[in-house]
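Asker: Make a model of this:
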Amino acid sequence: MANSKTYAVFGLGRYGRAVAKELVSNGAEVLAVDIDEEKVNEAITEIPFCKCADVTDPEVLKQLGISNIDVVIISMATNLEASVMATMLCKEMGVKTVISKCSSEMNCKILGKIGADKVIFPEWESGTRLAKNLLSSGLVDILEISADVSMVELAVRPEWENKSLLELNLRRKYSINIVAIIENGKVNVKIDPEKPLNKTMRLIVIADTAKLRKLK
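Answerer: Modelled structure (predicted):
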């Protein structure tokens with residue numbers, strides 16, 4: 001099933017192209033943009049909607065319809081000025097989620113200060129992993145243990161609130177194994193199966209990657 005959100009990726013270097021390619025392969029609608037025409041021509045075989053444009057120009061962003069995009073990933077870490085301008089413009093135009101890639105921890109702090117909703121330092125997170133996280137509704141973070149098994153930080157769904165793990169029986173329903181619960185910033189591996197869940201909790205689970213799609 002195609003992902004209902006729309007995405008834009010600014011910058012088609014190795015990281016940006018990996019994000020866009022993974023999103024497209026999972027049925028998402030993706031607009032990919034780079035100022036380098038050669039990179040656009042190389043990527044268009046994998047990403048149908050590619051544009052050669054300057055994303056630091058507000059008029060260009062208006063023409064691209066960026067205000068109608070749900071998530072923008074800005075992958076131009078080597079050019080801090082362009083990343084800052086694109087991040088600010090996207091937020092000003094009403095983009096709900098702007099994710100900016102940075103080349104250093106200091107740049108991450110700068111991009112966070114000027115409005116990025118999430119900053120990505122490549123040493124911390126791969127492009128493919130970011131795309132998988134974006135595509136997985138309710139899945140806060142994914143770490144692939146193998147081709148078939150993932151460890152996931154899972155948000156408590158509204159229908160799970162005020163119910164215990166014993167009542168929910170998530171292992172039977174979704175074939176997931178809960179290994180820890182994060183509450184008030186603390187990771188607790190001693191799980192009380194009769195304790196009701198609340199929306200502030202996060203569940204750390206190990207599961208068959210394919211079966212996690214049932215949670216979407």
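
Asker: And the nearest residue to S67 once chain neighbours are set aside, its phi and psi?
Answerer: Residue nearest to S67 in three dimensions, not counting chain neighbours: M93, with 4.4 Å by Cβ to Cβ, 6 or more residues apart in numbering. Where you see a C-beta, it was placed from the backbone N, CA and C, and this is true even at glycine. Dihedral pair for M93: phi -90, psi 0, per degrees, to the nearest 10.

Asker: contacting residues around M93?
Answerer: 58, 61-62, 66-67 (Cβ atoms under 8 Å, 6 or more residues apart in numbering).

Asker: Scan these and report the most crowded one.
Answerer: When neighbours are taken as other Cβ atoms under 10 Å, the top entry among the contacts of M93 is L61 (25 neighbours).

Asker: helices or strands up against the helix or strand containing that one?
Answerer: Taking DSSP states H and E as the definition, L61 sits inside helix 58-64. Using 3 or more Cβ pairs under 8 Å, 6 or more residues apart in numbering; DSSP states H and E as the contact test, the elements touching helix 58-64 are helix 80-92.

Asker: following the helix it packs on, which helix or strand comes up?
Answerer: Next along from helix 80-92, by DSSP H and E: strand 97-101.

Asker: Taking helix 80-92 as reference, get the angle to that next one.
Answerer: 170 degrees (axes from the mean of the first three to the mean of the last three Cα atoms, to 10 degrees).

Asker: What strands line up against strand 97-101, and which way round?
Answerer: Here strand 97-101 has these sheet partners by DSSP bridges: strand 71-74 (parallel), strand 118-120 (parallel).

Asker: Now do the buried residues in whichever helix or strand comes after that strand.
Answerer: Using DSSP H and E, the helix or strand that follows strand 97-101 in sequence is helix 105-113. Neighbour counts over helix 105-113 (16 or more other Cβ atoms under 10 Å) mark 107-108, 110-111 as buried.

Asker: How about stretch 203-211?
Answerer: 203-205, 207, 209.

Asker: Angles on the backbone of the residue lying closest to T78 once chain neighbours are set aside, please.
Answerer: Nearest residue to T78, sequence neighbours excluded (Cβ to Cβ, 6+ apart): S103, at 6.1 Å. Dihedral pair for S103: phi -100, psi -10, per degrees, to the nearest 10.

Asker: circling back to that earlier point, what pLDDT, on average, does the helix holding L61 get?
Answerer: Averaged across helix 58-64, the pLDDT comes to 96.

Asker: What segments of the protein are strands?
Answerer: For the chain, applying DSSP state E gives strands covering 6-10, 29-34, 50-52, 71-74, 97-101, 118-120, 139-144, 149-155, 176-183, 186-188, 202-208.

Asker: could you dump the ones you listed to JSON lines with distance to N162?
Answerer: Below are the strands of the chain laid out as JSON lines (distance: least, Cβ to Cβ, whole Å):
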{"stretch": "strand 6-10", "distance to N162": "34"}
{"stretch": "strand 29-34", "distance to N162": "36"}
{"stretch": "strand 50-52", "distance to N162": "47"}
{"stretch": "strand 71-74", "distance to N162": "31"}
{"stretch": "strand 97-101", "distance to N162": "29"}
{"stretch": "strand 118-120", "distance to N162": "29"}
{"stretch": "strand 139-144", "distance to N162": "20"}
{"stretch": "strand 149-155", "distance to N162": "15"}
{"stretch": "strand 176-183", "distance to N162": "15"}
{"stretch": "strand 186-188", "distance to N162": "18"}
{"stretch": "strand 202-208", "distance to N162": "15"}
